[in-house]
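Student: generate coordinates for the sequence data below:
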Amino acid sequence: MESAGTALRTWATEETTVLLATFYIRDVHCALPALAVQEVIRPGRNTLVPHGPHCVVGIINLRGKIVTLIDLARKLELGSTGNTEDTRALIVEWKGEFVGLLVDRVSDVREIRPDGISPAPANVRGAQGRFFDGVHEADGKLLAVLSVEEVLSDEDR
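Tutor: The predicted structure follows:
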């Protein structure tokens, strides 16, 4: 399967830019393509899903639509997302369903050129490395660009 980062680099010209919605999972600065994010909400009370995968923390009703909440920290094996004033859910549509990706806090939207996304280093290409399209360096800090397809794959759901 071709990753979103690879796909972006395939069709993009040097003048083309992509928007990345950035956020934090614990202390890890991450991003998703902004076009994949429908909206950002403050998660409220959710209904637990008995016997669900470890990363599914529940479901919510968002204006009549059932949204599955996935804890990105659990999915990436970084612990659990806290329940603080800053906790948010990035709502994405995946295969006709709405999914909320819980993050510790949102950051900003960045406009970058696709050639500014480098492949993930070889030492993170193992099991968890499949979640990453690549990394982007800005101001001496790394931004982990996540693959929507891999994060939401049905493999462990």
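
Student: what's next to whatever helix or strand residue 38 lives in, contact-wise?
Tutor: Following DSSP states H and E, the helix or strand that holds residue 38 is strand 37-41. With contact meaning C-beta atoms under 8 Å, 6 or more residues apart in numbering, strand 37-41 is reached by 21, 62, 88, 89, 90, 91, 92, 93, 98, 100, 106. C-beta: built from backbone N, CA, C; applies to glycine.

Student: report the contact partners of the first one.
Tutor: Translated: residue 21. Contacts for residue 21 (C-beta under 8 Å, 6+ apart) come out as 31, 32, 33, 34, 36, 37, 40, 90, 106, 109.

Student: any idea how far it lies from residue 58?
Tutor: 22 Å (C-beta to C-beta, to the nearest Å).

Student: buried subset of the contacts of strand 37-41 as a PyMOL selection?
Tutor: Filtering the contacts of strand 37-41 down to the buried ones (16 or more other C-beta atoms under 10 Å) takes a single PyMOL command:
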select buried, resi 21+62+88+89+90+91+92+98+100+106
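
Student: and which of the contacts of strand 37-41 is nearest residue 113?
Tutor: Taking C-beta to C-beta as the measure, residue 113 lies nearest residue 21 of the contacts of strand 37-41, at 16.7 Å.

Student: the closest one in helix, strand or coil?
Tutor: Put simply, residue 21 is strand when judged by DSSP: H, G, I helix; E, B strand; the rest coil.

Student: out of the contacts of strand 37-41, which are inside strands?
Tutor: 21, 62, 88, 89, 90, 91, 92, 93, 98, 100, 106 (DSSP state E).

Student: just the closest of those to residue 52, please.
Tutor: Closest approach to residue 52 among these (C-beta to C-beta): residue 100, at 13.8 Å.

Student: wait, that closest one sits on residue 65?
Tutor: No. Counting by C-beta atoms under 8 Å, residue 100 sits too far from residue 65 to count as a contact (10.5 Å).

Student: done for today, thanks.
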